[in-house]
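Colleague: Everything below, folded, please.
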Amino acid sequence: MHAGVLVATVTASAAYTVASPALRVVIFAMVTLVPVATFAGALASGHLRERRPWTVAAAGLLLLAGCMAFWSDWVPGHHFGRAEGRPADFGIATAHLLFLAGAALLLRRRGVGDVAGLLDAALFGVCVAGPTWAWLIAPRLTGSATTTGEMLALSDIAVLAAVLACLYRISRRAAEGRGPIRYLMICCAATLGSHISGTLTARTGSAVPTAILLMMAYLTIAAAPLLADAPRLTDPDRQTADASSRPPLLWIGAALCANPLIAMIQGVRHDAVAGVVLPVCSMLAVPLVLLRLRQMSLLRSRAERTLAHHALHDELTGLANRRHITAEIDRALTDLERGGLDEVTVILLDLDGFKPINDRYGHQAGDLVLRTVAERLTGAAGPADLVGRIGGDEFVVLCRGHAAAGLTALVGHPIELGVASVRVGVSAGAASAVRGGHFDRDTLIGLADAAMYAEKAAHRRRRESVSLT
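Modeller: Take a look at the predicted model:
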């Protein structure tokens, strides 16, 4: 495929260079139809899993081919890159917008795990477009350029630069689908190059370099849907955003200041050729900055929620930890004193036979047993009850009211470890506080603890008597 694209590009470029003006129009029109044909073929054959992104991109390519056919002298006549603001400029800008919308739909899942990075890349592209326009393109525009044409051309360049930067970011992270992504990058880069070439050669040069770059863009994008890994472009990105990375506040500030700085320099120099930079680039950069700030806020909120969860929950089982459960017992006793509850019950549980399982099958098996017990206790507890793990194989259940019947019955059911089926017993002790009883948390837990160890001792005596008989 790569060799075919290279041969097609070289052949088309050589033929265009030596052809007559009339034949050049035909050659260029034929090249513009190549991606339309490849996209249609890939869609018709079912090679592409998600049709909508490719269909939108194909619609953009079809509109672009129609524009080039209707205004057949636009590239050979050296109008491309002059920012004249003619209907052809609007048609081409609309076609590019459709194609870029299709590319965005195509890659939206690829970037789902790196939204912040893609926003930064897009900001970089927009910021690069500003000085490129102000100091490379705008000073070389001909007298036929109009404000509307300049705004269209600059918008096209800025969006292409932003998409190119995003594609580069995705290509560095993607494990699959790199071939089509790189062809998309070449297409964007060649289109950007044609804009610059069209402007630099508008006064005295030839339009052939601009046409060659555009044909390269058409032929590279034509190959993208035919590659074997093209369907994988719509696969989700498995990587996740890094919430711990430092926010790029300096970069965001530079992005906001870049275009006003260019406008200020132009004002000091009394140079009006870059007057469209501030409105156009700011219109593109400010929404990206706002989205980036929102992303930073979301990441911070997510990190705060994660820290708050870890501060109050056991990492292994997800149950309430000692700090959380003791605070909830205090809150329940306060509600009891105020008349909001009739009874508060605390149940302490200690697993019997857990250590031999942990020693024989390993800590991973022991962790599985603890998680299973946690799930069973949570399922058996009432909707207002709270289950916690206070360390090792010790659990606690806070009941705001009467304790649920059969709370510990499920714990003794078999637990499948893959290599064996095991059982654990449980020793439980409960203590209740009723309204007017004036129990504090330590007293309530102490009573439950004493009851639990009494039951554990009774279990031990029962096992010893069975072994003697």
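
Colleague: Quick check: phi and psi at the residue nearest to residue 322 when sequence neighbours are not counted.
Modeller: Nearest non-adjacent residue to residue 322, counting by C-beta to C-beta, 6 or more residues apart in numbering: residue 390, 4.7 Å away. For the C-beta atoms, the positions are set from N, CA and C on the backbone; glycine is no exception. Phi and psi for residue 390, reported as degrees, to the nearest 10, are phi -110, psi 10.

Colleague: residues in contact with residue 390?
Modeller: Residue 390 makes contacts with 321-322, 325, 396, as judged by C-beta atoms under 8 Å, 6 or more residues apart in numbering.

Colleague: Below-threshold pLDDT in the stretch 51-200 of the chain: ranges please.
Modeller: Along the stretch 51-200 of the chain, the model assigns pLDDT under 70 to residues 109-113, 175.

Colleague: Tell me where it has helices.
Modeller: 51-70, 87-107, 115-132, 147-173, 178-200 (DSSP state H, counting those that start in this stretch).

Colleague: cool, and the stretch 251-400 of the chain?
Modeller: According to DSSP H, counting those that start in this stretch, the helices that the stretch 251-400 of the chain contains are 277-312, 322-337, 354-361, 363-380.

Colleague: hey, least reliable of these by pLDDT?
Modeller: For the helices of the stretch 251-400 of the chain, mean pLDDT drops lowest on helix 277-312, to a mean of 82.

Colleague: ok, back up a step: kindly give a single ChimeraX line that selects the buried subset of the contacts of residue 390.
Modeller: For the buried members of the contacts of residue 390, the matching ChimeraX selection, counting by 16 or more other C-beta atoms under 10 Å, is:
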select :321,325,396
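
Colleague: Distance to residue 187 added to the contacts of residue 390, as JSON lines?
Modeller: Output for those, formatted as JSON lines (distance: C-beta to C-beta, whole Å):
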{"residue": "321", "distance to residue 187": "54"}
{"residue": "322", "distance to residue 187": "59"}
{"residue": "325", "distance to residue 187": "59"}
{"residue": "396", "distance to residue 187": "62"}
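
Colleague: Please identify which two of the contacts of residue 390 are farthest apart in space.
Modeller: 321 and 396 (10.3 Å; C-beta to C-beta).

Colleague: And the helices of the stretch 251-400 of the chain: which comes nearest residue 422?
Modeller: With C-beta to C-beta as the criterion, residue 422 lies closest to helix 354-361 of the helices of the stretch 251-400 of the chain, at 5.2 Å.

Colleague: That closest one packs against which elements?
Modeller: With contacts defined as 3 or more C-beta pairs under 8 Å, 6 or more residues apart in numbering; DSSP states H and E, helix 354-361 has these neighbours: helix 363-380.

Colleague: If you compare the directions of the helix or strand where residue 43 lies and helix 87-107, what angle comes out?
Modeller: Assigned by DSSP states H and E, residue 43 falls within helix 21-44. Helix 21-44 and helix 87-107 are oriented at 30 degrees to each other (axes from the mean of the first three to the mean of the last three C-alpha atoms, to 10 degrees).

Colleague: could you give the mean pLDDT of helix 21-44?
Modeller: For helix 21-44, mean pLDDT rounds to 90.

Colleague: what's that helix in contact with?
Modeller: In contact with helix 21-44 (C-beta under 8 Å, 6+ apart) are residues 8, 12, 15-16, 19, 48, 51, 54-55, 57-58, 61-62, 64-65, 68-69, 72-73, 75-76, 211, 214-215, 218-219, 221-223, 225-226, 230.

Colleague: Recalculate using a threshold of 7 Å.
Modeller: 12, 15-16, 19, 48, 51, 54-55, 57-58, 61-62, 64-65, 68-69, 72, 75-76, 211, 215, 218-219, 221-222, 225-226 (C-beta atoms under 7 Å, 6 or more residues apart in numbering).

Colleague: Mark which of those are buried, thanks.
Modeller: Of these, these count as buried by 16+ other C-beta under 10 Å: 12, 15-16, 19, 48, 54-55, 57-58, 61-62, 64-65, 68, 72, 75-76, 211, 215, 218-219, 221-222, 225-226.

Colleague: and residue 294, how far is that from residue 26?
Modeller: Taking C-beta to C-beta, to the nearest Å as the measure, residue 294 and residue 26 are separated by 50 Å.

Colleague: re the thing from before, list residues touching both of residue 321 and residue 396?
Modeller: Residues touching both residue 321 and residue 396 (C-beta under 7 Å, 6+ apart): residue 388.
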